[in-house]
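Q: This is a predicted model, with the sequence first.
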Amino acid sequence: MAPVSQCWLWTERGGKLNLQIRWTKTAGSASDRFHESSVFNETLRITHIQRHHGGRYYCKAENGLGAPAIKSIRVDVYYLDDPVVTVHQSVGEAKEQFYYERTVFLRCAVNSNPPVRYSWRRGHEFLSQGSDKGVEIYEPFFTQGETKILKLKNLRPQDYANYTCTASVRSVCGIPDKSVLFQLTNTTASPSVKLLVEDPIVANPGQTVTLVCISTGGEPMPVLTWVRHGETLSQNSLLNGGTLTIPAISTDDTGIYSCVASNNVGNPAKKSTNIVVRGMCP
């Protein structure tokens, strides 16, 4: 986030005493639009500016005489999120099945304004297109600068290493570069999970229900989270790793609950169960 605490947009006074001034912002939600009807409030102040405040603002002044006067100004909010590396692997047969070809794609993505510049390192070695015949670096045309892919084709022993993706916005507004590291090994694998519960789970109101989810595979070690299909978990839900506890369950807690395992390798793994809470007795 750019170090901006407030932004001032001005309009010149003019016309009669019934001058009306209105500020509007293109795109965004209704809360992003501002309207001032008094001649004494020509100033639009945006405090604690956030990225959704970025955009073009229009000042419209009218007093019933002639066409309204309109001026605009663009507000840019600069920011750089932490980059994220996701990994996808493919294994294909080659040379009439005499050996298997394993290809790994390391995808680095980040949200930023202005557009980010990426750089890759393997250990302490900077990688660039053409610097290593076993490495290809490219940007998918549909991502518009939001991602950079490092392709390792037919993995070699030296390809099992630490890879660092660094994102930079060229120190705009003092925003420092941000990096993320991923360790690629010969055991790197997508996650898998298992639920130690029945399906469905039938409970009476007031009971305590515990859902247990364990990781059965994946390298690096997957992170386990619980989600409720279409709704948020109840406020009294207790999470402890892969264990979800719902004390004093009620009919409002009925629904499909899913345990999701993610380690940024391949697609997240998910297992689900249905909780049915019997209705309250009359």
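A: Arrived safely.

Q: what are the ranges of the strands in the stretch 151-282 of the chain?
A: Using DSSP state E, counting those that start in this stretch, the strands of the stretch 151-282 of the chain run over 162-168, 178-183, 189-195, 201-203, 209-219, 223-228, 238-240, 243-246, 255-262, 269-277.

Q: Using TSV, lay out these together with mean pLDDT, distance to Lys151 and mean neighbour count.
A: The C-beta positions use only the backbone N, C-alpha and C, and glycine is treated the same way. Formatted as TSV, the strands of the stretch 151-282 of the chain follow (pLDDT from 0 to 100; distance: least, CB to CB, whole Å; neighbours: other CB atoms under 10 Å):
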stretch	mean pLDDT	distance to Lys151	mean neighbour count
strand 162-168	96	12	19
strand 178-183	97	14	15
strand 189-195	95	18	19
strand 201-203	94	44	16
strand 209-219	96	20	18
strand 223-228	94	26	17
strand 238-240	92	37	11
strand 243-246	96	38	19
strand 255-262	95	22	20
strand 269-277	95	24	17
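
Q: Which one, of those, ends up nearest to Gln89?
A: strand 189-195 (7.9 Å; CB to CB).

Q: Next, the angle from that closest one to strand 269-277.
A: 20 degrees (axes from the mean of the first three to the mean of the last three CA atoms, to 10 degrees).

Q: Go ahead and name everything in contact with strand 189-195.
A: Identification of contacts with strand 189-195 by CB atoms under 8 Å, 6 or more residues apart in numbering yields 89, 211-219, 222, 224, 242, 259-263, 265-273.

Q: Now with 10 Å, please.
A: 87-89, 211-224, 242, 257-273 (CB atoms under 10 Å, 6 or more residues apart in numbering).

Q: domains in this protein, as residue ranges please.
A: Recorded structural domains for the chain (assignment: automatic domain parsing) are 6-77, 80-183, 189-277.

Q: which one of those domains has the lowest average pLDDT?
A: Mean pLDDT values for the domains of the chain show the minimum at domain 6-77, a mean of 69.

Q: contacting residues for Phe141?
A: Per CB under 10 Å, 6+ apart, neighbours of Phe141: none.

Q: ok, it to Cys108 distance?
A: For Phe141, the distance to Cys108 (CB to CB, to the nearest Å) stands at 16 Å.

Q: and if you look at Leu150?
A: From Leu150 over to Cys108 (counting by CB to CB), the distance is 7 Å.

Q: and the two? which has more neighbours close in?
A: Neighbours were counted for Leu150 and for Cys108 using other CB atoms under 10 Å; Cys108 has more, 25 against 22.

Q: show me what contacts Val169?
A: So Val169 contacts 78-80, 110, 112-117, 175-178 (CB under 10 Å, 6+ apart).

Q: And for Ser179?
A: Listed by CB under 10 Å, 6+ apart, the contact set of Ser179 reads 82-83, 85, 108, 119, 121, 164-168.

Q: of these, closest to Ile49?
A: Asp82 (20.3 Å).

Q: wait, Ser112 sits on Thr147?
A: No: using CB atoms under 10 Å, Ser112 and Thr147 do not qualify as a contacting pair, with a distance of 11.4 Å.

Q: list residues touching both of the two?
A: Listed as contacting both Ser112 and Thr147 by CB under 10 Å, 6+ apart are Pro83.

Q: and those two? which has more neighbours close in?
A: The neighbour comparison of Ser112 against Thr147 (other CB under 10 Å) goes to Ser112, with 21 against 18.

Q: Phi and psi next, for that one.
A: Ser112 adopts backbone torsions of phi -160, psi 160, taken as degrees, to the nearest 10.

Q: in the sheet, who's paired with it?
A: Legend: beta-bridge partners of Ser112 under DSSP bridges are Leu80.

Q: now swap in Phe126 and tell me
A: Beta-bridge partners of Phe126, counted by DSSP bridges, are Arg121.

Q: How about the contacts made by it?
A: Going by CB under 10 Å, 6+ apart, Phe126 touches 119-120, 164, 166.

Q: do the same with Thr164
A: Taking CB under 10 Å, 6+ apart as the contact definition, Thr164 lies against 83, 85, 108, 119-124, 126-127, 179-182.

Q: do that again at 8 Å, thanks
A: Taking CB under 8 Å, 6+ apart as the test, what Thr164 contacts is 120-121, 179-182.

Q: what's the spacing between it and Asn204?
A: Taking CB to CB, one finds Thr164 at 53 Å from Asn204.
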